[in-house]
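# Everything below, folded, please.
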Amino acid sequence: MIALIDYDAGNMKSVEKALQLIGEDVLVTRDPKEILAADKVVLPGVGSFGDAMENLHHFGLVPVIHQVVQEQTPFLGICLGLQLLFEKSEESPGVEGLGILKGEILRIPAAKGLKIPHMGWNNIRFPNKGRLFAGVPEDAYVYFVHSYYLKAQDEKIVTATTEYGTHIHASVESGNLFACQFHPEKSSHVGLQILKNFAKLEGKGGR
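Model prediction:
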C-alpha cells in the first residue's frame, strides 16, 4: 500500500491515477496511523511553500513525515513536495520548511526569453546514480511546472539536474528518501518508469 498524503495542496488525483496505472494500491489520506502503517509514502503538491507548510502543521503531519523518514519507509516528494523537505524558500520568507534535508529553494532568475514559471519538458542529467532512474536514459525528458528551484547543500544527494536559466537540482536521494522537482505522473513513459522504480523499492519490514 502506498499512502498519498492529502494536505489540501492539489495534484492528488493525477498522482493517484498514475500509481494505479502501474498496478499499485493507493490510499489518499491525512490520517497519521494510516500514513505510518503504509509500505511507502508520497508527498505531492503544487502551490505556495508557505501555505503548504501551514496546512501540514494544521493537519498535524509535520511530526508524522519526520517519523516516516526516520523509520526509513520509502518516501517520495513531488514538485512542491520536494521543496518542503528542505529548510526554507525565497517564496515564503521566514517560513521554516520540514528541514529534513539541507538546502534552500530559490526563485528561477529572470532572463530574456525565459518564461517563468518554467512549464514544459526538459531533459535531465544524472550526476549521481539514483535508484529512481534505473532504466531511464541520460537526457530523458520530464515535465516541469515551477517558479522556484532547489539548491541542495550536499551535491552528493543530487541524482538529477536540468538547466533552465540556472543549474537546477531536479531530484535527490538520501537513504530511502527521494524527491523530484518535476512531475513523474505527467512525464509519460519515463515518469511511469520512475514511479515503477519507487514502487519496487523494499518497503517497511521487507514488504
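# Any stretches of this protein with poor pLDDT?
Screening the chain residue by residue with the criterion pLDDT under 70, one finds the ranges 203-207.
# what distance separates stretch 41-59 from the centre of its chain?
Offset of stretch 41-59 from its chain centre (CA atoms, centre = their mean, to the nearest Å): 12 Å.
# got it, and stretch 30-41?
In terms of CA atoms, centre = their mean, the gap separating the centre of stretch 30-41 from the centre of its chain is 17 Å.
# Buried ones in it, by neighbour count?
Going by neighbour count (16 or more other CB atoms under 10 Å), the buried part of stretch 30-41 is R30, P32, E34, I35, A38, D39, K40, V41. Just so you know, the C-beta spots here come from the backbone N, C-alpha and C atoms, and that holds for glycine as well.
# contacting residues around the fifth one?
Going back to what we said before, that points to A38. By CB atoms under 8 Å, 6 or more residues apart in numbering, the contact list for A38 reads M1, I2, A3, L27, T73, K204.
# Max pairwise distance over the buried residues of stretch 30-41: which two?
In terms of CB to CB, the buried residues of stretch 30-41 reach their longest pairwise distance at R30 and D39, which sit 17.8 Å apart.
# which ones among the buried residues of stretch 30-41 are found in helices?
If you go by DSSP state H, those have P32, E34, I35 in helices.
# Which elements pack onto the longest helix seen in the chain?
Determined from DSSP H, the single longest helix within the chain is helix 188-199. Judged by 3 or more CB pairs under 8 Å, 6 or more residues apart in numbering; DSSP states H and E, the packing partners of helix 188-199 are helix 12-21, strand 141-146.
# Tell me the buried residues in the first one?
Looking back up the chat, that one is helix 12-21. When burial is assessed from 16+ other CB under 10 Å, helix 12-21 yields the following buried residues: M12, V15, E16, A18, L19.
# How about the shortest one?
Using 16+ other CB under 10 Å as the test for burial, strand 141-146 gives Y141, V142, Y143, F144, V145, H146.
# partner strands of it, parallel or antiparallel?
Each strand that strand 141-146 pairs with, and the sense of that pairing, follows from DSSP bridges: strand 118-123 (antiparallel).
# the inter-axis angle of the partner strand versus helix 188-199?
With axes from the mean of the first three to the mean of the last three CA atoms, to 10 degrees as the criterion, the two stretches strand 118-123 and helix 188-199 enclose an angle of 80 degrees.
# mind exporting strand 118-123 as CSV, just the C-alpha atoms?
Coordinates of the C-alpha atoms in strand 118-123 are reproduced here as CSV (Å, rounded to 0.1, in the frame of the first residue of the first chain):
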residue,chain,number,x,y,z
HIS,A,118,9.1,27.1,-16.1
MET,A,119,6.4,25.0,-17.6
GLY,A,120,7.2,22.2,-20.0
TRP,A,121,9.5,19.4,-21.0
ASN,A,122,13.2,19.5,-20.1
ASN,A,123,16.0,16.9,-20.3
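# helix or strand right after the longest strand anywhere in the chain?
For the chain, the strand with the greatest residue count under DSSP state E is strand 167-174. Next helix or strand after strand 167-174 toward the C-terminus (DSSP states H and E): strand 177-180.
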